[in-house]
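[1] Sharing a sequence plus its predicted fold:
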Amino acid sequence: MGTEIERKFLLKSDVWRNEVKESMRLVQGYLLRGDQSAVRVRIKDDVAELNIKHTQDGINRLEYEYEIPVADAREILDEVAQKPLIDKTRHHVVHDGHLWEIDEFYGENAGLIVAEIELARADEPFAKPAWLGQEVSLDQRYYNSNLSKLPYTQW
């Protein structure tokens, strides 16, 4: 079992693009989307995963992740997963010793870009880059599981 401590932010500029170290395409679909728990299948480049998350308070989450065959993941996304699927590019940016994952969404969530940072503990200090905007960690609309129910373009 793993614990994930994550903070989410909107962005106020595109300056972060100059700091991208790597990018990858992600497609994911949800088998279960509840208020506190979600089960998803994700294809990240050439790797597929089954992921289970359970939020405790919006920032602290239990997380379980297991690799599965890519062919199985494609079939699950096509035949089983709830629609719409989440389609995004994840960009990695390192700022002041912390890794930021910046998700740029497509399809029904086009126009949304969210930066996430994972921390070792909830009160861990971190430097906020100049391109960072409003924190939305506790706004459930920004959870990927909710973006697959009510996409950003429908807000």
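    Nice, thanks for sending it over. Owing to the predicted nature of the structure, the values given are computational and were not obtained by experimental measurement.
[2] Dump stretch 57-67 to CSV, restricted to CA.
    C-alpha atoms of stretch 57-67 as CSV (Å, rounded to 0.1, in the frame of the first residue of the first chain):
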residue,chain,number,x,y,z
ASP,A,57,-9.1,14.2,3.0
GLY,A,58,-8.5,15.4,-0.6
ILE,A,59,-4.7,15.7,-0.2
ASN,A,60,-3.8,12.4,1.5
ARG,A,61,-4.7,9.3,-0.5
LEU,A,62,-4.2,5.6,-0.4
GLU,A,63,-2.9,4.4,-3.7
TYR,A,64,-2.4,0.9,-5.2
GLU,A,65,-0.9,0.4,-8.7
TYR,A,66,-0.3,-2.8,-10.7
GLU,A,67,1.1,-3.3,-14.2
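[3] chain center to that stretch, what's the gap?
    Centroid displacement of stretch 57-67 relative to its chain, using CA atoms, centre = their mean, to the nearest Å, is 11 Å.
[4] for stretch 35-45, same thing?
    Relative to its chain's centre, stretch 35-45 lies at 9 Å (CA atoms, centre = their mean).
[5] what about the residue nearest to residue 135 when sequence neighbours are not counted, distance to residue 73?
    Spatially, and ignoring its direct neighbours in sequence, residue 135 is nearest to residue 9 (5.2 Å; CB to CB, 6 or more residues apart in numbering). C-beta coordinates here come from the backbone N, C-alpha and C atoms, glycine included. Separation of residue 9 from residue 73 (CB to CB, to the nearest Å) stands at 29 Å.
[6] ok, back up a step: near the residue nearest to residue 135, how many other residues are there?
    Number of residues near residue 9 (other CB atoms under 10 Å) recorded here: 21.
[7] try residue 24
    14.
[8] Pull out the buried residues from the host helix or strand of it.
    If you go by DSSP states H and E, residue 24 is part of strand 20-33. Under the neighbour-count criterion of 16 or more other CB atoms under 10 Å, strand 20-33 has 26-30, 33 buried.
[9] will you turn those residues into TSV that also has distance to residue 110 and pLDDT?
    Below are the buried residues of strand 20-33 laid out as TSV (distance: CB to CB, whole Å; pLDDT from 0 to 100):
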residue	distance to residue 110	pLDDT
26	15	97
27	14	98
28	16	97
29	17	97
30	19	96
33	20	86
